[in-house]
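Student: below is the sequence, then the predicted model.
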Amino acid sequence: QVQLVESGGGLLQAGGSLRLSCTASGKIFRINAMGWYRQAPGNQRDLVAVIRSDGSTNYADSVKGRFTISRDNAGNTVYLQMNSLKPEDTAVYYCNALLSLERYTGTYEARYWGQGTQVTVSS
């Protein structure tokens, strides 16, 4: 069974920094991409940043230059370093992973979500 476990959310003032972590565990054949989405009340869930198996990254325009996504050497933990936080960054942040899993007929791709972690930035 695959699990994504997040940590690192919290409450802080504007201008501060926070780092989120997400670790994927379970019977995983390959991690194709991991990323972070966020959802503020009344809004849809939007992509914040993603890092792929080849190391390429993409960021939402609103966080470029302030947020950095990275991963550990094993590749199963992804981090989101958030600097110069703004009140508009307040949201529940969800880890997302695109994984290749094995079954007797071969591999297949599946997407998993973490439970979400609250980030609140006060002005």
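Tutor: That came in fine, so what should we check first? Numbering: from 1, shown residues only.
Student: contacts, neighbours, all on C-alpha from now
Tutor: Fine.
Student: how about residue 63, phi and psi?
Tutor: phi -120, psi 0 (degrees, to the nearest 10).
Student: geometric centre of this protein: which residue is closest?
Tutor: residue 36 (2.5 Å; CA atoms, centre = their mean).
Student: which residues touch it?
Tutor: Residue 36 makes contacts with 47-50, 80, 93-96, as judged by CA atoms under 8 Å, 6 or more residues apart in numbering.
Student: which of those residues tops the neighbour count?
Tutor: Within those, most neighbours by other CA atoms under 10 Å means residue 95, with 31 neighbours.
Student: ok, the helix or strand that that one is a member of: who's next to it in the sheet?
Tutor: Taking DSSP states H and E as the definition, residue 95 sits inside strand 91-103. Strand pairing for strand 91-103, determined by DSSP bridges: strand 30-39 (antiparallel), strand 106-113 (antiparallel), strand 117-122 (antiparallel).
Student: need the contacts of residue 36 in TSV with distance to residue 64, can you?
Tutor: Formatted as TSV, the contacts of residue 36 follow (distance: CA to CA, whole Å):
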residue	distance to residue 64
47	12
48	9
49	9
50	12
80	12
93	16
94	18
95	18
96	19
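Student: closest one of those to residue 15?
Tutor: residue 80 (15.9 Å; CA to CA).
Student: how near is the nearest residue to the closest one once chain neighbours are set aside to residue 23?
Tutor: Closest residue in space to residue 80, ignoring its immediate chain neighbours: residue 69 at 4.6 Å, by CA to CA, 6 or more residues apart in numbering. Distance of residue 69 to residue 23, computed by CA to CA, to the nearest Å: 13 Å.
Student: same question, residue 29
Tutor: Residue 29 is 15 Å from residue 23, by CA to CA.
Student: of those two, who's got more company?
Tutor: Taking neighbours as other CA under 10 Å, residue 29 and residue 23 compare with residue 23 leading, 20 against 14.
Student: residue ranges in the protein under the pLDDT threshold?
Tutor: For the chain, not a single residue meets the criterion pLDDT under 70.
Student: and the residue nearest to residue 80, helix, strand or coil?
Tutor: Per DSSP: H, G, I helix; E, B strand; the rest coil, the local secondary structure of residue 69 is strand.
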